[in-house]
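Colleague: Here's a sequence, model it:
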Amino acid sequence: MSHLLRATLRPVTYSRWLHLCVPLLAVAVWLYVFPRYPWGPALLIPPLGLVPWVRLMEGLQAQFLLTPAERGRADGAISTARASTWADRWRTALWLEVRLLVGVVTVGATTWLPFAAVDLAAQAVGHPLGGGLAPTAELPRWVAAALVPVPLALLFAVVVLLGRLITAVARQLLGPSAAERLSVLEERTEQLLERARIARELHDSIGHALTVAVMQAGAARAAGDAGFTERALAAIEDTGRAALEDLERVLLVLRESGPRPSAAPTLAEADRLLESARGSGAAVEAELTGPLDRLPGPVAREGYRILQESLTNVLRHCGPVPVRVRIVMGADELELEVVNALPRVGAPQFAGGGSGLRGIRERAALLGGVADTGPYRGQWRVRARLPLAPAR
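Modeller: Numbering: from 1, shown residues only. The predicted structure is shown next:
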């Protein structure tokens, strides 16, 4: 009972009542024009559901008035798409019939019950309505006074319960079909994948730039040499500029507006990463084999990010230690390996969230490849193998 009382205070209760009353406007016009055929709307209105756009119109109206909390949501329980199959059309036709019948009951109840309360109140004060206007039997005055709240309570109960009934029917008959649910699921999956990709892009580019800047600033302060400090500041400037370019490119993708974003960096620009790591104090030994500028686009871009994250992890967790980089472009796959010495005892390290290594494995897996990370012969190794054929 308390649940029904709380429902009478919710605006959606009355928007549902309005939704139930709307079909009676068409019925009223019909009865005015054709009073001898009151059953006409029940036969003529449902076949309109076979028209594809009627399902769109009914879905929008139902979502707006029956489930306003889901308004505009792609995964709402009520579909707002045209009928694409005959099953959708027949469900819409059945919906129109049910809506019309429940609407007749609603209007009848919400018309008779208020008149009954007025009639009881009139009898209680000694002035019964009488004639055809009195919807209740003549009762003693004290009985009529006691019964005045009953029709009003029933009125609210009818409005709440019929509103819930028509909402449940709408979820069943106007709900999305299996094909629509699959489409929404695919769209949601694409959005999640795009968000994950952008998160990886920001983690790799901005994380690398900040790590290099911190390492360079710390080394410059420790060195106390004006020439070294100038070189460190130049390296920080170059790294920061590259990070800003990456950030601008990602933000343009998020805004989906503005000029076309610049192309993402590829392994053809690996020298930029190697020089940045060397500038941070790491002794980088590199072996680049094959025409890296001819790599397929996805492999070249993801390979660059894997190399970037690997070098970032070296600087962040191990400091300026010796690093060996090997990139080999074979006939069928690209092999990328970064091996570094473990940090000396007492060397400064920077804590990370652990998402970098997971991002490396995810990038390799998206291309059908594999990445291994972990200790290797007393050192730390990141090794990724990316197939070239699927990327083409």
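Colleague: any idea which residue sits dead centre in the chain?
Modeller: Closest residue to the average C-alpha location of the chain: Arg188 at 5.7 Å, with C-alpha atoms, centre = their mean.
Colleague: Glu309 versus the residue lying farthest from the centre of the chain, what's the distance?
Modeller: Within the chain, the residue lying farthest from the chain centre (C-alpha atoms, centre = their mean) is Gly126, at 63.2 Å. Using C-beta to C-beta, to the nearest Å, Gly126 is found at 89 Å from Glu309. From N, CA and C alone the C-beta is placed, and that goes for glycine too.
Colleague: circling back: verify the stated contact: the residue nearest to the centre of the chain with Arg195.
Modeller: No: using C-beta atoms under 8 Å, Arg188 makes no contact with Arg195, being 10.6 Å away.
Colleague: Now do the helices in the stretch 101-250 of the chain.
Modeller: Ranges of helices in the stretch 101-250 of the chain, per DSSP state H, counting those that start in this stretch, are 141-147, 149-173, 178-223, 226-255.
Colleague: Make CSV from those and add distance to Ile360 and mean pLDDT to it.
Modeller: Shown next, in CSV, are the helices of the stretch 101-250 of the chain (distance: least, C-beta to C-beta, whole Å; pLDDT from 0 to 100):
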stretch, distance to Ile360, mean pLDDT
helix 141-147, 77, 87
helix 149-173, 44, 91
helix 178-223, 9, 70
helix 226-255, 17, 71
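Colleague: Determine which stretch of those is the most buried.
Modeller: Mean neighbours per residue, mean count of other C-beta atoms under 10 Å, is largest over the helices of the stretch 101-250 of the chain for helix 149-173, with a mean of 18.
Colleague: and that helix, what does it pack onto?
Modeller: Contacts defined by 3 or more C-beta pairs under 8 Å, 6 or more residues apart in numbering; DSSP states H and E place helix 149-173 against helix 2-7, helix 11-21, helix 86-124.
Colleague: mind putting the ones you listed in a markdown table, mean pLDDT and mean neighbour count included?
Modeller: Output for the helices and strands packed on helix 149-173, formatted as a markdown table (pLDDT from 0 to 100; neighbours: other C-beta atoms under 10 Å):
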| stretch | mean pLDDT | mean neighbour count |
| --- | --- | --- |
| helix 2-7 | 73 | 11 |
| helix 11-21 | 91 | 17 |
| helix 86-124 | 90 | 18 |
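Colleague: Of these, which is nearest Arg358?
Modeller: Closest approach to Arg358 among these (C-beta to C-beta): helix 86-124, 42.5 Å.
Colleague: Can you name the residues that contact Val148?
Modeller: 117, 120-121, 124 (C-beta atoms under 8 Å, 6 or more residues apart in numbering).
Colleague: Please convert the helices of the stretch 101-250 of the chain to JSON lines, extending it with distance to Trp95.
Modeller: Shown next, in JSON lines, are these (distance: least, C-beta to C-beta, whole Å):
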{"stretch": "helix 141-147", "distance to Trp95": "37"}
{"stretch": "helix 149-173", "distance to Trp95": "4"}
{"stretch": "helix 178-223", "distance to Trp95": "16"}
{"stretch": "helix 226-255", "distance to Trp95": "39"}
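Colleague: can you tell me which of these comes nearest to Leu342?
Modeller: Comparing the helices of the stretch 101-250 of the chain by C-beta to C-beta, helix 178-223 comes nearest, at 17.1 Å.
Colleague: rewinding a little: distance of the spatially closest residue to the residue nearest to the centre of the chain that is not a sequence neighbour from Pro35?
Modeller: Once flanking residues are discounted, Arg188 sits nearest to Asp75: 7.3 Å by C-beta to C-beta, 6 or more residues apart in numbering. As judged by C-beta to C-beta, Asp75 and Pro35 stand 46 Å apart.
Colleague: More neighbours: which of these two?
Modeller: Ranked by neighbour count (other C-beta atoms under 10 Å), Asp75 and Pro35 place Asp75 first, with 12 against 8.
Colleague: The more buried one and Leu60: what is the separation?
Modeller: Counting by C-beta to C-beta, the gap from Asp75 to Leu60 is 16 Å.
Colleague: Same check on Ala389?
Modeller: According to C-beta to C-beta, Ala389 stands 48 Å off from Leu60.
Colleague: Compare these two and say which is more crowded by neighbours.
Modeller: Between Ala389 and Leu60, Leu60 has the larger neighbour count (other C-beta under 10 Å), namely 15 against 10.
Colleague: For stretch 324-336, buried residues please.
Modeller: Residues 324-325, 327, 329, 333-336 are the ones in stretch 324-336 that count as buried (16 or more other C-beta atoms under 10 Å).
Colleague: Only alpha carbons, please: show that stretch as CSV.
Modeller: Extracted C-alpha coordinates of stretch 324-336, given in CSV (Å, rounded to 0.1, in the frame of the first residue of the first chain):
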residue,chain,number,x,y,z
ARG,A,324,69.5,-3.4,-26.1
VAL,A,325,66.8,-2.9,-28.7
ARG,A,326,66.3,-5.3,-31.6
ILE,A,327,63.7,-4.8,-34.3
VAL,A,328,63.7,-7.2,-37.2
MET,A,329,61.2,-7.1,-40.1
GLY,A,330,61.0,-10.6,-41.6
ALA,A,331,59.0,-12.0,-44.4
ASP,A,332,56.0,-12.9,-42.3
GLU,A,333,56.3,-11.1,-39.0
LEU,A,334,57.9,-8.3,-37.1
GLU,A,335,60.0,-9.1,-34.1
LEU,A,336,60.6,-6.4,-31.5
